[in-house]
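Engineer: Sequence first, then the predicted structure:
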Amino acid sequence: MVNGLIGRKLGMSRIFTADGRWIEVTLLEAGPCTVVQRKTEETDGYEAVQVGFGEAKESRVNKPATGHFKKAGVAVKSLLKEFRVEKDSALQAGDEIRTDIFKAGDKVDVSGTTKGRGFAGVIRRHSFAGGPGAHGSHFHRAPGSIGQSAQPSRVVKGKRLPGRMGNKKISTLNLEVVDVDLDKNLLVIRGAVPGAKGGVVVVKHSVKGSE
């Protein structure tokens, strides 16, 4: 059995529990994903399946990729991702993977690309406190001293400075699956996951949660 799916973030909502409490949840359109290639120890050196998600126009895909999909006998997909499987897995090209690999109560890890915030200063990017607000201080939102004088006479690597904020791949670990809708390919995840509405996410069974 494959341990994950490619999906898309639909947005956040809230649901009410049986005891009347409400909890924040994220709705994910997870799959269906189609197996495009089965990789084996003999041919590739490891056991995995390459799965595709989302429809794409054939005219938007180059010829090598088009041939790759035709060889598998599946429609052209917009996204491809590999998941490791056991050697005795029966999955083959053309098989479909759906949300039934998850159930309510499972723990999952969700990976996505965070929202891009553009170029940001140290106060927004790193939560620096800044200087006094009065006019006379002349020190308000600047980072302050960042280096040394004679020794080592350079700025140390890793110094927190202004720069690009967001637009990075982030994984949120050990989230709980609240509900699974097989008919609509929906996963209801408790809490927030990385990315904006419509962003691509990868959902996997949590290693921590399975221990």
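Structural biologist: Right, received. Where do you want to start?
Engineer: So for the residue lying farthest from the centre of the chain, what's the pLDDT?
Structural biologist: What lies farthest from the middle of the chain is G136; by Cα atoms, centre = their mean that is 46.1 Å. What the model reports as pLDDT for G136 is 89.
Engineer: What of T114?
Structural biologist: For T114, the predicted pLDDT is 94.
Engineer: Go ahead and confirm it touches T172.
Structural biologist: No: if you go by Cβ atoms under 8 Å, T114 and T172 don't touch, sitting 10.3 Å apart. Bear in mind the C-beta positions are built from the backbone N, C-alpha and C, glycine included.
Engineer: so what sits against both of these two?
Structural biologist: Residues touching both T114 and T172 (Cβ atoms under 8 Å, 6 or more residues apart in numbering): P194.
Engineer: which helices and strands does the helix ranked longest in the chain pack with?
Structural biologist: In the chain, with assignment by DSSP state H, the single longest helix is helix 63-72. Helix 63-72 is packed against strand 33-39, with contacts defined by 3 or more Cβ pairs under 8 Å, 6 or more residues apart in numbering; DSSP states H and E.
Engineer: neighbouring contacts of stretch 170-188?
Structural biologist: In contact with stretch 170-188 (Cβ under 8 Å, 6+ apart) are residues 7, 10, 15, 23, 25-32, 98-100, 102-114, 189-194, 203, 206, 208-209.
Engineer: mind listing the strands for this structure?
Structural biologist: Ranges of strands in the chain, per DSSP state E, are 4-16, 22-30, 33-39, 48-55, 77-84, 96-97, 107-113, 116-120, 163-166, 169-181, 186-190, 200-205.
Engineer: and the last one with strand 107-113, angle?
Structural biologist: Looking back up the chat, that one is strand 200-205. Per axes from the mean of the first three to the mean of the last three Cα atoms, to 10 degrees, the angle that strand 200-205 makes with strand 107-113 is 160 degrees.
Engineer: go on, the second one?
Structural biologist: Counting by the same axes, to 10 degrees, strand 22-30 lies at 70 degrees to strand 107-113.
Engineer: how about strand 22-30: buried residues?
Structural biologist: V25, T26, L27, L28, E29, A30 (16 or more other Cβ atoms under 10 Å).
Engineer: Next, format the strands of the chain as a markdown table and append distance to T66.
Structural biologist: Output for those, formatted as a markdown table (distance: least, Cβ to Cβ, whole Å):
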| stretch | distance to T66 |
| --- | --- |
| strand 4-16 | 20 |
| strand 22-30 | 25 |
| strand 33-39 | 12 |
| strand 48-55 | 13 |
| strand 77-84 | 11 |
| strand 96-97 | 21 |
| strand 107-113 | 26 |
| strand 116-120 | 31 |
| strand 163-166 | 34 |
| strand 169-181 | 28 |
| strand 186-190 | 31 |
| strand 200-205 | 21 |
